[in-house]
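Participant: Got a predicted structure plus its sequence, pasted below:
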Amino acid sequence: MSKQTKATKRPRVGSGGPDKPAAAEAKAATKKAVSEKAPTKTAEAAKKATARKAAANTTTAKTTTAKTTTAEKVTARKAAKPESHLAMVRRARKINRELAEVYPYAHPELDFRNPFELLVATVLSAQTTDLRVNQTTPALFAKYPTPEDLAAAVPEEVEELIRPTGFFRAKTKSIMGLAAALRDDFGGEVPGRLDDLVKLPGVGRKTAFVVLGNAFGVPGITVDTHFMRLARRWKWTESDDPVKIEAEVAEIFPKSDWTMLSHRVIFHGRRICHARKPACGACPITHLCPSYGEGETDPEKARKLLKYEKGGFPGQRLNPPPDYPGLPAPPLGASS
């Protein structure tokens, strides 16, 4: 082999010849690429950690929302946009359904055996409690069992019998007047029509609907002080006129519900949703009440405000219905 041939012969790869610097450069380039990629991976990891943290915060927020108290829910509802009429109607009807579960035994809280006794007792119940009327009427009806008997009575004797109900002189005039009207105009029978009842002395729409609904089975809304108060608290109406309240509430509920609706609302007003200090913390329909918080919200303190059978006390009737879960009221003069 000639010297020229030896000079041009290339060294084998990996023999440590002239290609060694090139390999070192390639290795350095690889390291540089890896080092350049490292920050990107670190950024991606930080991004994922942030996403996980955000997800955890979302879960915590959901859990906290699930544990929101009744008061916070009510506050949120008040801060929300005004309630539509349709939403109010739906809420009102749900209140009625839930009150039916709370008070399945709701009933008129006046003792009576016939329409005449209910009519007289309702007139006497003005400006006093049903309990006081129930304690008073046994002696009255024992002496004057019919309209004819009461119409022919001596006023002073009637006054003395009904004195415990208050305003006894005015009430004596009313019940003797209606007794005379029943005797003279209706054959001694209580009429079963609204137009006839409201013509009797001392009888207004409220009294007439009590008699119609409970003695004749004719649907009616009894707008007494309890009903007025709760209808306004529940935003069924903004009026303080009993006739307007009656008309507005009648548009919300089917006619077939009117009589029992009246009993349930009045029961709730007497037992839980009181005028001066409602027992909000013991109320079973706070989730439907836009006025929650007007009364005592502490459950223990609220329970002490409950009345009648809800508070473990006797009811108002001396002769309550068989399904009444409370105790009968004591007669006049007995210790309660």
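Facilitator: Everything's here; your move. Numbers count the residues shown, from 1 in each chain.
Participant: where are the low-confidence patches of the stretch 1-150 of the chain?
Facilitator: Scanning the stretch 1-150 of the chain for pLDDT under 70 picks out 1-80.
Participant: so who does the residue nearest in space to the middle of the chain touch?
Facilitator: To find the centre residue of the chain, average its C-alpha atoms and take the closest one (CA atoms, centre = their mean): that gives Ile285, at 3.6 Å. Under the criterion of CB atoms under 8 Å, 6 or more residues apart in numbering, the neighbours of Ile285 are 95, 98-99, 102. C-beta here means a position set from N, CA and C on the backbone, and glycine is covered the same way.
Participant: Likewise for Ala121?
Facilitator: With CB under 8 Å, 6+ apart, Ala121 has these contacts: 110-112, 133-134, 137.
Participant: repeat for Thr222
Facilitator: So, once contact is read as CB under 8 Å, 6+ apart, Thr222 ends up touching 206, 209-210, 213, 259, 262, 266.
Participant: quick one: which two of those are the most distant?
Facilitator: Using CB to CB, the contacts of Thr222 reach their maximum pairwise distance at Lys206 and Thr259, which is 12.9 Å.
Participant: Just give the nearest non-adjacent residue to Gly315, would you?
Facilitator: Take Gly315 and drop its neighbours on the chain: the residue closest to it by CB to CB, 6 or more residues apart in numbering is Gly326, 4.4 Å away.
Participant: how many other residues sit next to that neighbour?
Facilitator: Counted with other CB atoms under 10 Å, the neighbours of Gly326 add up to 18.
Participant: And it, how close does it get to Lys310?
Facilitator: Shown here: Gly326 relative to Lys310, a distance of 8 Å by CB to CB, to the nearest Å.
Participant: cool, Gln135 as well?
Facilitator: Shown here: Gln135 relative to Lys310, a distance of 21 Å by CB to CB.
Participant: likewise Val154?
Facilitator: 42 Å.
Participant: which of those two has more neighbours?
Facilitator: Using other CB under 10 Å, the more surrounded residue of Val154 and Lys310 is Lys310, with 20 against 9.
Participant: Contacts only, for the more buried one.
Facilitator: Contacts were defined as CB under 8 Å, 6+ apart; by that measure Lys310 touches 271-272, 282.
Participant: same thing but at 10 Å, please
Facilitator: 102-103, 267-268, 270-272, 279, 282, 303, 325-326 (CB atoms under 10 Å, 6 or more residues apart in numbering).
Participant: which of those count as buried?
Facilitator: Buried members of the contacts of Lys310, counted by 16 or more other CB atoms under 10 Å: 102-103, 267-268, 270-272, 279, 282, 326.
Participant: Need the overlap of contacts for Lys206 and Thr259.
Facilitator: Between them, Lys206 and Thr259 share the neighbouring residues 220-222, with contact defined by CB under 10 Å, 6+ apart.
Participant: For Val265, see how far away the nearest residue to Lys277 once chain neighbours are set aside is.
Facilitator: Spatial nearest neighbour of Lys277, excluding adjacent residues (CB to CB, 6+ apart): Gly295 at 5.2 Å. Plainly put, Gly295 is 17 Å away from Val265 if you go by CB to CB.
Participant: neighbours of Leu118, just the number please.
Facilitator: The burial metric for Leu118, expressed as a neighbour count using other CB under 10 Å, is 21.
Participant: Number the chain from 557, please
Facilitator: With 557 as the first residue, the last one maps to Leu674.
Participant: So it sits against Ala771, correct?
Facilitator: Yes. Counting by CB atoms under 10 Å, Leu674 sits close enough to Ala771 to count as a contact (5.1 Å).
Participant: Could you tell me which residues touch both of the two?
Facilitator: When contacts are counted by CB under 10 Å, 6+ apart, Leu674 and Ala771 are jointly contacted by 664, 668, 746.
Participant: which SS state does the last one fall under?
Facilitator: Same thing as Val746. Assigned state for Val746: coil (three-state reduction, DSSP: H, G, I helix; E, B strand; the rest coil).
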